[in-house]
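Peer 1: The following block contains a protein sequence and its predicted model.
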Amino acid sequence: MYKRVINNLNTLEPIGGLIIGVNKRVLDEMFQRTNDDISYSIVILNNSDEILYSQKNDLSEKEIQGICSSKKKASEGSEFFFVNEKKYLLNYVTNDDVGWSVIQYTPYEEVVKWDGKINLTPFLILGSFILSLVFAIALSNKVTSQLALLRYVIYSVKSENKIPPIRFNPNDEVGIVGIEFLKMLKSNEELNKRLLDSTVKEKEAELIALQSQINPHFLYNTLNSIYCMAQNIHADSISKMVQNVSNFYRQCLNNGKLLVTVEEEVHLIEYYLTIQNIRYQGKFEINIDIEEQMMPLRMIKWILQPVVENAFYHGLEQKSGGGHLLVSGRLCGEFMIFKVVDDGVGFNPTVTPTGYALSNLRDRILCYYGETCGIHIESYPMRGTSVTIKIMKSICARR
């Protein structure tokens, strides 16, 4: 009897077993003597040298155990031995896969015939049994190999989120299941791509609809009138604020374009920070440190401004006394890394959820740049907040 454990493909826990059993009568018929004048016996042992099968013969079980124990540790071989002063020839073969040994012992006088030729019948029978055993093992491996491939596919999709280039056997039941499983995975992958594309188009439509609600000419003319009135009464701070508001909204609208250069995005936050600094009478110290080689690169607009605005309203504004804000940008391989750091009141990210602005920004970055990019927030109560933005440089290449 050959046994093998079958494990669950997801948890790797044993869920059953494969058992191949051979009826004793089949073995008796297989080893049936073709010549009554020839006397030999067959014994099959497991890897613990326990007798699994033995033909009826004139030796006792103890004598058979002695015969079996006399074989060497090699996987196959032949040797002579004596039992009750009678000489026997011992032939044995061990299958390394299952650990079974097939032993055939023949009286010496039966080995050598009158013409001095060796009787090959016992060896042919022994070879037939070994071939049958090999066939059973090959059949087991055929079934379990397809199961192993299916398990590998499930593990790759689960851990690495990718479909491996595996080909199943279409003539095998388990292989057919594997082929259909791969079709389902590829179909899901296509659906995810379509969903992402539709989400991007939906976000673009929302942005265009929002911009269409703003009449830029009316806004610019009104702000220009306020600016002129402030200049006439020598209200420099008011005129400067109005001028920066006008520049801010002109940069925001950007003639309806989705992409801007890094330099244009930096100008946008400079206008915003100037307005806030006038409002708070220079209460906060602001530093902008962006690498010069990043300035011509393109990015989707409104990436930095929502984070800077969040730093003011939820960090610095609620802090008594002055504060510091740092906006930095660095190239890192194929990515552009921006950081917005403030020393405001901070918050506990595990308790306080991020607001709509950052959630919306995270969704926009996911839609346009993929899962390798995003936002990482570190914040500590009464110590400040650091927001890291990672976007791809290749999508933002020069045009």
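Peer 2: Cool, the structure landed.
Peer 1: quick one, strands of the chain?
Peer 2: Secondary structure of the chain, counting by DSSP state E: strands at 2-7, 14-20, 41-45, 51-54, 76-83, 86-94, 101-107, 259-261, 284-290, 298-300, 323-332, 335-342, 374-380, 384-392.
Peer 1: And the ones you listed: which comes nearest Pro349?
Peer 2: The closest of the strands of the chain to Pro349 is strand 374-380. By C-beta to C-beta, the value is 5.5 Å. C-beta here means a position set from N, CA and C on the backbone, and glycine is covered the same way.
Peer 1: Flag every buried residue along that closest one.
Peer 2: Neighbour counts using 16 or more other C-beta atoms under 10 Å place Gly374, Ile375, Ser379 of strand 374-380 among the buried residues.
Peer 1: got a list of contacts for that strand?
Peer 2: 307, 346-349, 354, 358, 361-362, 365-366, 385-390 (C-beta atoms under 8 Å, 6 or more residues apart in numbering).
Peer 1: If we use 6 Å, what do you get?
Peer 2: Contacts with strand 374-380, where a contact means C-beta atoms under 6 Å, 6 or more residues apart in numbering, come from Gly346, Phe347, Pro349, Arg362, Ile365, Thr385, Ser386, Val387, Thr388, Ile389.
Peer 1: With stretch 323-342 instead?
Peer 2: 284-291, 294, 307-308, 311, 315-316, 343-344, 384-394.
Peer 1: State the mean pLDDT of that stretch.
Peer 2: Per-region confidence: stretch 323-342 scores 94 on mean pLDDT.
Peer 1: How about it, which residues are buried there?
Peer 2: Using 16+ other C-beta under 10 Å as the test for burial, stretch 323-342 gives 323, 325-327, 329, 335-342.
Peer 1: For those residues, give me a markdown table that also has distance to Ile275.
Peer 2: Rendered in a markdown table, the data for the buried residues of stretch 323-342 read as follows (distance: C-beta to C-beta, whole Å):
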| residue | distance to Ile275 |
| --- | --- |
| Gly323 | 16 |
| Leu325 | 14 |
| Leu326 | 19 |
| Val327 | 15 |
| Gly329 | 21 |
| Phe335 | 30 |
| Met336 | 26 |
| Ile337 | 27 |
| Phe338 | 21 |
| Lys339 | 22 |
| Val340 | 17 |
| Val341 | 20 |
| Asp342 | 17 |
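Peer 1: Would you mind listing the residues in contact with Thr388?
Peer 2: Residues touching Thr388, when contacts are defined by C-beta under 6 Å, 6+ apart, comprise Lys339, His376.
Peer 1: so what's it bridging to?
Peer 2: Beta bridges link Thr388 to Lys339, His376, judged by DSSP bridges.
Peer 1: now the strands of the chain as TSV including distance to Lys186?
Peer 2: Listed next are those as TSV, based on distance: least, C-beta to C-beta, whole Å:
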stretch	distance to Lys186
strand 2-7	26
strand 14-20	28
strand 41-45	49
strand 51-54	48
strand 76-83	49
strand 86-94	46
strand 101-107	49
strand 259-261	32
strand 284-290	42
strand 298-300	30
strand 323-332	33
strand 335-342	29
strand 374-380	26
strand 384-392	25
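Peer 1: With that, I have no additional questions.
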